[in-house]
Structures are given as structure tokens and as C-alpha cells.
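K.L.:
sequence plus predicted model, see below.
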Amino acid sequence: MADVVVTDAPEARRFEAHLDGELAGFLDYARDDERIALVHTEVDPAYGGKGIGSQLARFALDTARGDGIRVLALCPFVVRWVEKHPEYGDIVDLARTRG
């Protein structure tokens, strides 16, 4: 299996993960000069269990860190992912939902 390639698709306002040339998943965002809100992560069921969502989250957070902006994690998947990766806690504000 080929490597997953994650890229920023700013015209679509999302990060995209491609595997073998096919769109495997994406993470929608809204961004301004100071912050990026990570809104929704979706992975094609055919690519489930391959860590695509995690690669999207890591890429988005690394991009934000590199750009010097804060992250508002609205997507429940990203919230859970960041809770397991405290090394990103310095740039992330977590949206909490009531369950």
C-alpha cells in the first residue's frame, strides 16, 4: 500500500488525504489570520482503520503551529485526538459538548 499524502486544499477549505491517488478523507476548516477552526473530519469507509483521520489531525495541527495560529477544535474526532496528544495543548482550544 502506498503512503497517505495529506495536503491543504484552501479553495475547498479543507485538508485532504489521498491514498493511491484516491481521496481517502478530509478535514473541513474555517480560517482567519489568528485561528483555524477544525470543523469536521470524514474518512471514506473503504479506508477506515488505516489512521487517515489521525494523519489529517496531525497535519492540520502541525500546519497551524508552523503558521503561528491557534486552533479551535470543534470536530469531536479532533477533540478526542488532541486529548490523547497533549503535545498540541499549547495551541488548541477544545470545544466541549454536553453528553
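P.N.:
On my side now, so go ahead.

K.L.:
alpha carbons only for contacts and neighbour counts from here, please
P.N.:
Fine.

K.L.:
how near is Gly25 to Asp44?
P.N.:
For Gly25, the distance to Asp44 (Cα to Cα, to the nearest Å) stands at 6 Å.

K.L.:
next, the residue nearest to the spatial centre of the chain: secondary structure please.
P.N.:
Note on the chain: the residue nearest the mean C-alpha position is Ala57, at 3.0 Å, using Cα atoms, centre = their mean. Here Ala57 is recorded as helix under DSSP: H, G, I helix; E, B strand; the rest coil.

K.L.:
end to end, how far does stretch 10-29 reach?
P.N.:
One end of stretch 10-29 to the other measures 9 Å (Cα to Cα).

K.L.:
sorry, wrong one. I was asking about stretch 35-49.
P.N.:
Taking Cα to Cα, stretch 35-49 runs 30 Å from one end to the other.

K.L.:
what do you get for stretch 2-12?
P.N.:
Start and end residues of stretch 2-12 are separated by 24 Å (Cα to Cα).

K.L.:
and the contacts of that stretch?
P.N.:
Here stretch 2-12 makes contact (Cα atoms under 8 Å, 6 or more residues apart in numbering) with 14-20, 52, 55-56, 59.

K.L.:
and that stretch, average pLDDT?
P.N.:
Taken as a whole, stretch 2-12 has a mean pLDDT of 94.

K.L.:
any idea how far that stretch is from the middle of the chain?
P.N.:
Computed by Cα atoms, centre = their mean, to the nearest Å, the chain-centroid distance of stretch 2-12 equals 11 Å.
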